[in-house]
Each structure stands twice: as C-alpha cells, then as structure tokens.
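Asks: Here's a sequence, model it:
(one chain, ligands or ions: 1)
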Amino acid sequence: MTRVDLPKFPTRHGYMSEKIQQSYINAAIENGVLPPDAHRMPEVVSLTAPGDITKPIQFWQLYSVLGQDQIVDIVRGFYERVFADEPWFTSVFKWVGGLNHHIATQASMWIDAMGGGPHYHGAEFRLSFHHTHNAMALMNDKGVERWVTLMRETLDASSDLMADDPRVRTSINTFLAYFMTKYSDEFRFQDRHIFGETNGPLKCRINFMKMTTEAIEGLSEKELSDALIERSVDVSQYPNKQAQVSKALMM
Ligand code: HEM
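Replies: Model prediction:
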C-alpha cells in the first residue's frame, strides 16, 4: 500500500466547513458515493486526508495536503484568466473589485471549506448574497459556461500545485461540482460541472462481526473473497462461496 505522511499543514474547522461537510455527506450517502455510516467514519469526517492513497480525499481535507500558498496560487491562476477574458464576462468582476480583491475572497472561502480554519466569515449566506446581488448577470447558462471553462483550464494548468497526489484534482472537481449543483438549482441554469472525474464510491471495510448470516450470504463472491483477503485469509483454502461464508461466520 502506498502511503503519504499527512497532515502536511495543520487543520481546523472554519465558518463554513462543518455545515457543508454535513450537507455534502448527506447528499453523497443518497447518491451511493459514501456508505450509510459515513458521518461516523474517521477517514471521512477527519480534516486530515487519508495517508493511504487508495482512499479518496474529501474536499474539507484538501488543506491538510495543499496548505495556504498552493490554494491561493490555484485561485490566482483562475482570476488571471477571468481578468484577461472578454469584457461581457470580465466587467462583472471588475465592477466588484480588482484582481487581488477577488483572489483574496475566493481563496479565503476555499481555505475555510478545505479545512484551513475560519477565513470566510459570513459563510454560505455571504456566498449566496454575492452571487445573487453582484454576479446575477453571469449566473445563467452563458456565464456559467465561461466560468467553468476558465476554471477547468486553470486546474489543467495547475498540476504542479497539487502535491503530486492525483487525488487532489479529483477532490477539487468534487468540491466545485458540489457548488455547481447547488447553484444550478438556485439560479436555474443547466448543471455543467465538467471539471473532470469526481470522487468515486468509497469502498468500506466489511465488518463480519457486525453482520447477520443473511447479510454475509448476500455479499457477492468478489466482495466476500476481497474481505477475507483483507484479513489475511488464504482464500484458496475456501474454494467456493459456501466455504467462504462459513469462514467469515467464524471470524
Ligand atoms: C456558476 C458560475 C459562477 C459565476 C458566474 C460566478 C461569478 C462570481 C462573481 C461575478 C463574483 C463577484 C461578486 C462579488 O464578489 O460580489 C463571485 C464571487 C464569488 N464567488 Fe462565484 N461564480 C460562480 C461560481 C462559483 C463557485 C462554484 C464558487 C465556489 C466554489 C464561487 C465562489 C465565489 C466566492 C467565494 C466569491 C467571493 C464573494 C465574497 O466576496 O465574499 N463562485 N462569483
């Protein structure tokens, strides 16, 4: 198993991290991306990303891997693209403030949501207020398409800021997709979170001790043999499903 030493940066909940963690987990349980007991799984609720790189990074764990400077640099790359874009798009941002203003506010929100501590006071209320009052001219299919394109280009060009850990990009995609789905409902635009692959389903460790005989029998042959192998059982000694079920019942 390949491991990395984490956290690289000290983590803390922020003004918005706990609430969006809860609502993301609820939605992910419903979609089957996280198991039903995800709210109690340390590897999910922790602000530190799993050291085992076969486990996904939840977006509130990104700060533990990236720290402040790399997050700010990714956000800077995005706003440099925004400010170099066409006037119909750029002007809406310019009206609110300059490049550095936008880098600072957006980065403070990312850091807060990603486990870096309280940086984005006002949390989701503030976010919604700004989009409703100042960004409205762009909260439609045309504006969103441009926003998403510039963000995807930024992320594609930022791999050197992602700690050589392929889970980071997938987790950022998941973070952005979460907000996009929320906004598409709120502002009624087409949900186009085409940032790339998002976190896949988290495989949970099967615990035979907590399972009924029927539940163990209900596992697929692959699930059963994988779970036995994980517990160092030599499955060649138990060549059919019934033998493996009997072994599992003894564990
Ligand atoms: C759907 C496409 C989006 C568009 C067109 C858009 C547009 C804008 C604009 C024009 C502003 C400046 C308004 C202001 O600061 O008052 C803004 C601010 C902001 N946006 Fe978005 N945005 C989009 C998606 C997102 C997403 C997905 C996130 C979160 C990941 C986000 C986070 C923010 C933040 C944190 C601010 C700063 C608000 C503040 O000053 O507190 N936006 N957005």
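
Asks: need the contact list for the nearest residue to Ser159 once chain neighbours are set aside.
Replies: Excluding its sequence neighbours, the residue lying closest to Ser159 (C-beta to C-beta, 6 or more residues apart in numbering) is Arg169, at 7.2 Å. C-beta here means a position set from N, CA and C on the backbone, and glycine is covered the same way. Neighbour list for Arg169: 155, 159, 162, 196-197 [criterion: C-beta atoms under 8 Å, 6 or more residues apart in numbering].

Asks: tell me the mean pLDDT for the helix or strand that contains Val168?
Replies: Applying DSSP states H and E as the criterion places Val168 in helix 166-187. Mean per-residue pLDDT for helix 166-187: 94.

Asks: Pull out the buried residues from that helix.
Replies: Of the residues in helix 166-187, those with enough neighbours to count as buried (16 or more other C-beta atoms under 10 Å) are 167-180, 182-184, 187.

Asks: Just the buried residues of the contacts of Arg169.
Replies: 155, 162.

Asks: could I get the contacts of Arg169 as JSON lines with distance to Met251?
Replies: Below are the contacts of Arg169 laid out as JSON lines (distance: C-beta to C-beta, whole Å):
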{"residue": "Leu155", "distance to Met251": "44"}
{"residue": "Ser159", "distance to Met251": "43"}
{"residue": "Met162", "distance to Met251": "39"}
{"residue": "Gly196", "distance to Met251": "40"}
{"residue": "Glu197", "distance to Met251": "35"}
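
Asks: Keep only those of the contacts of Arg169 that are in helices.
Replies: Those of the contacts of Arg169 mapping onto helices are Leu155, per DSSP state H.

Asks: Pro36: which of the contacts of Arg169 is nearest?
Replies: Glu197 (23.7 Å; C-beta to C-beta).

Asks: mind checking pLDDT for the residue lying closest to Leu176 once chain neighbours are set aside?
Replies: Residue nearest to Leu176 in three dimensions, not counting chain neighbours: Phe195, with 5.2 Å by C-beta to C-beta, 6+ apart. Phe195 carries a pLDDT value of 92.

Asks: Tell me who's in contact with Phe195.
Replies: Contacts of Phe195 by C-beta under 8 Å, 6+ apart are 148, 151-152, 155, 172-173, 176-177.

Asks: let's go with 7 Å and repeat that
Replies: Phe195 makes contact with 151-152, 155, 173, 176-177, according to C-beta atoms under 7 Å, 6 or more residues apart in numbering.

Asks: what's the distance between it and Gly67?
Replies: 21 Å (C-beta to C-beta, to the nearest Å).

Asks: What segments of the stretch 151-251 of the chain are strands?
Replies: In the stretch 151-251 of the chain, no segments count as strands under DSSP state E, counting those that start in this stretch.

Asks: Please name the nearest non-neighbouring residue to Phe9.
Replies: Per C-beta to C-beta, 6+ apart, closest to Phe9 is Gly67, 3.8 Å.

Asks: and that neighbour, what helix or strand is that in?
Replies: Per DSSP H and E: helix 62-83 holds Gly67.

Asks: Contact partners for Met231?
Replies: No, residue 231 isn't Met; it's Arg. Contact analysis of Arg231 by C-beta under 7 Å, 6+ apart lists Met251.
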